[in-house]
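Fold the stuff below for me.
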Amino acid sequence: MQVNSKCYQNKTTTGVFKKQEDQKKHKHQQREFDIEVGSLTPLVLGTNGGMGNQCQHFLKHLTHKIAQ
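The predicted structure is shown next:
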């Protein structure tokens with residue numbers, strides 16, 4: 001996602017990532033819960049190297065598991 005594009009110029013980067021996370025969850029979460037019997041963690045990454053809050057938490061958890 002290009003967080004520096006004109007359509008996001010009046011929004012914070014954090015707000016843009018949060019909106020994208022919410023949209024992905026809304027679109028896919030019910031299917032994941034009903035069919036896959038799991039949960040969904042949207043991994044939202046920006047073209048500038050930033051990432052959404054849930055992606056950061058996922059990567060921290062993953063690196064902790066790998067370190068163990």
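
Sort out which residues of the host helix or strand of Lys65 are buried, please.
In the assignment (DSSP states H and E), Lys65 maps to helix 53-67. Residues of helix 53-67 classed as buried by neighbour count (16 or more other C-beta atoms under 10 Å): 54-55. (C-beta placed from N, C-alpha, C; glycine too.)

How about residues contacting the longest helix belonging to the chain?
Longest helix of the chain, by residue count under DSSP state H: helix 13-34. Identification of contacts with helix 13-34 by C-beta atoms under 8 Å, 6 or more residues apart in numbering yields 1, 3, 8, 11, 38-40, 42, 44, 46, 48, 50-54.

got the angle between that helix and helix 53-67?
Helix 13-34 and helix 53-67 are oriented at 70 degrees to each other (axes from the mean of the first three to the mean of the last three C-alpha atoms, to 10 degrees).

what's the spacing between helix 13-34 and its chain's center?
7 Å (C-alpha atoms, centre = their mean, to the nearest Å).

Name the spans of the protein whose pLDDT lies under the cut-off.
Residues of the chain that meet the criterion pLDDT under 70 lie in 1, 4.

Quick one: distance of the helix holding Lys65 to the chain centre.
Relative to its parent chain, helix 53-67 has a centroid offset of 13 Å by C-alpha atoms, centre = their mean.
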